[in-house]
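Asker: Okay, sequence plus prediction incoming.
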Amino acid sequence: MTVEVEGLRKSFGERVVLGGIDFTVPDGTTFALLGPNGAGKTTAVRILSTLIRFDGGRVTVGGHDLRREPEAIRRMIGVTGQFSAVDDLLTGAENLELMADLHHVGRAARRDRVAALLDRFDLVEAAGRAASTYSGGMRRRLDLAMTLIGRPRLIFLDEPTTGLDPRSRRMMWQTVRDLVADGVTIFLTTQYLEEADQLAGRVALLDGGRIVADGTPAELKRRVPGGHVRLRFADAGTLGAAAALFTDGERDDDGLSLRLPAAKPRELLDRLDRAGIEAEELSVHSPDLEDVFLALTGRTAEVAP
């Protein structure tokens, strides 16, 4: 389901949160909107999911105009926010059954759909337990399962892995990949640039209410410098000899290492070998989305609340 945003504006009082942003989310892909806390990511999600009004611009979701046809859009989307919508007093299964009732799913279909989602999200054994006993990762999986009850074709995931441990985060990543493989469109907001790099086909960087960059992860990373090779040595004497050989290197005496501009590792090793210098370790760093964000905004994207 394609999303098209043109000149989207939103202010709260005198504070401009979205200053006229444009982007397109292609059908059946994952689109990531990145930025630090307070950049306007959640506001954008709340607008596109029909929860709040916007001040100006044009938005279409699946061909429907957001201003004129919000009800049609609501029937096609699902939203999983930073904070779980799970009812702690109900069991996992009861949470799903309640959501099925809200979507007017028939009794037979409801039973089958709830069972399938419990199995898909590895919650079968915990289905009869109160949700209050669930771990953070389990709650987030249950929350997403509840979103899928209505079989939405567009899902907004607003910082879905915030606070999760690495294992739970990777499980959520795989779930997103599976959904896209099934033809679902994912609109993802996140502070974690690695997450966007792993999942998104297209990325927009939001800062100060404006889009500062938009493209595929590979396109964005090609826009900035940052690639380098790091050589580590066994002792200060060897480091000194290498630093004299590579005068364009950045020396780190504490780490016994030398950082060099991007080059072919084989050529570096051959040059060291000819000089009788042995490196203990060679590592290659390619620009990542963190480098992109830092280059474009002068700060990192992961900013504490």
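Answerer: Looks like it came in fine.

Asker: where in the stretch 201-305 of the chain is pLDDT low?
Answerer: Counting by pLDDT under 70, the stretch 201-305 of the chain contains low-confidence ranges at 226, 263, 298-305.

Asker: what's the spacing between Val180 and Arg141?
Answerer: Val180 sits 17 Å away from Arg141, going by CB to CB, to the nearest Å. Using the backbone N, CA and C atoms, a C-beta is placed for each residue, glycine as well.

Asker: what about these two, which has more around it?
Answerer: Arg141 (25 against 17; other CB atoms under 10 Å).

Asker: All the strands of the stretch 101-250 of the chain, in order from the start?
Answerer: Remark: strands assigned in the stretch 101-250 of the chain by DSSP state E, counting those that start in this stretch are 154-158, 185-190, 202-207, 210-215, 228-232, 250-252.

Asker: residues in contact with the second one?
Answerer: Going back to what we said before, that points to strand 185-190. The contact list for strand 185-190, computed with CB atoms under 8 Å, 6 or more residues apart in numbering, reads 1-3, 25-35, 41-42, 44-45, 48, 153-161, 176, 179-180, 195-196, 199-200.

Asker: now, which of those residues lie within helices?
Answerer: 41-42, 44-45, 48, 176, 179-180, 195-196, 199 (DSSP state H).

Asker: Buried ones among the contacts of strand 185-190?
Answerer: 1, 3, 25, 28-35, 41-42, 44-45, 48, 153-161, 176, 179-180, 195-196, 199-200 (16 or more other CB atoms under 10 Å).

Asker: Give the burial count for His285, as a bare number.
Answerer: The number of residues near His285, taken as other CB under 10 Å, comes to 13.

Asker: returning to what we had before: would you point out the most distant pair within the ones in helices among the contacts of strand 185-190?
Answerer: By the measure CB to CB, Thr42 and Val180 form the most distant pair in those, at 22.0 Å.

Asker: which of the residues in stretch 164-181 are buried?
Answerer: 164, 168-169, 171-173, 175-176, 179-180.

Asker: oh sorry, the question was meant for stretch 52-72
Answerer: For stretch 52-72, by 16+ other CB under 10 Å, it's 54, 57, 59-62, 64, 66, 69-70.

Asker: From Gly62, how far out is Asp119?
Answerer: Distance from Asp119 to Gly62, by CB to CB: 29 Å.

Asker: Then Glu97?
Answerer: Following CB to CB, the distance that separates Glu97 from Gly62 is 28 Å.

Asker: cool, Asp101 as well?
Answerer: 25 Å.

Asker: and what of Leu268?
Answerer: Taken as CB to CB, the span from Leu268 to Gly62 is 52 Å.

Asker: again, but for Arg129
Answerer: 37 Å.

Asker: Report pLDDT for the spatially closest residue to Val124 that is not a sequence neighbour.
Answerer: Computed as CB to CB, 6 or more residues apart in numbering, the closest residue to Val124 that is not its neighbour in sequence is Leu118, at 5.0 Å. Note for Leu118: predicted pLDDT of 96.

Asker: and Leu118, what is it in contact with?
Answerer: Contacts of Leu118 (CB under 8 Å, 6+ apart): 92-93, 96, 124, 127, 145.

Asker: Using neighbour counts, trim these to the buried set.
Answerer: By 16+ other CB under 10 Å, the contacts of Leu118 give 92-93, 96, 127, 145 as buried.

Asker: Need those in TSV (columns: distance to Ala236).
Answerer: Output for those, formatted as TSV (distance: CB to CB, whole Å):
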residue	distance to Ala236
Gly92	59
Ala93	64
Leu96	62
Ala127	61
Ala145	57
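
Asker: What's the separation between the residue nearest to Ser135 when sequence neighbours are not counted and Glu194?
Answerer: Spatially, and ignoring its direct neighbours in sequence, Ser135 is nearest to Ser168 (7.8 Å; CB to CB, 6+ apart). As judged by CB to CB, Ser168 and Glu194 stand 15 Å apart.

Asker: and what of Glu6?
Answerer: 30 Å.

Asker: on that earlier part again, how about the strands of the stretch 101-250 of the chain in CSV, adding distance to Ala275?
Answerer: Below are the strands of the stretch 101-250 of the chain laid out as CSV (distance: least, CB to CB, whole Å):
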stretch, distance to Ala275
strand 154-158, 52
strand 185-190, 45
strand 202-207, 42
strand 210-215, 41
strand 228-232, 12
strand 250-252, 16
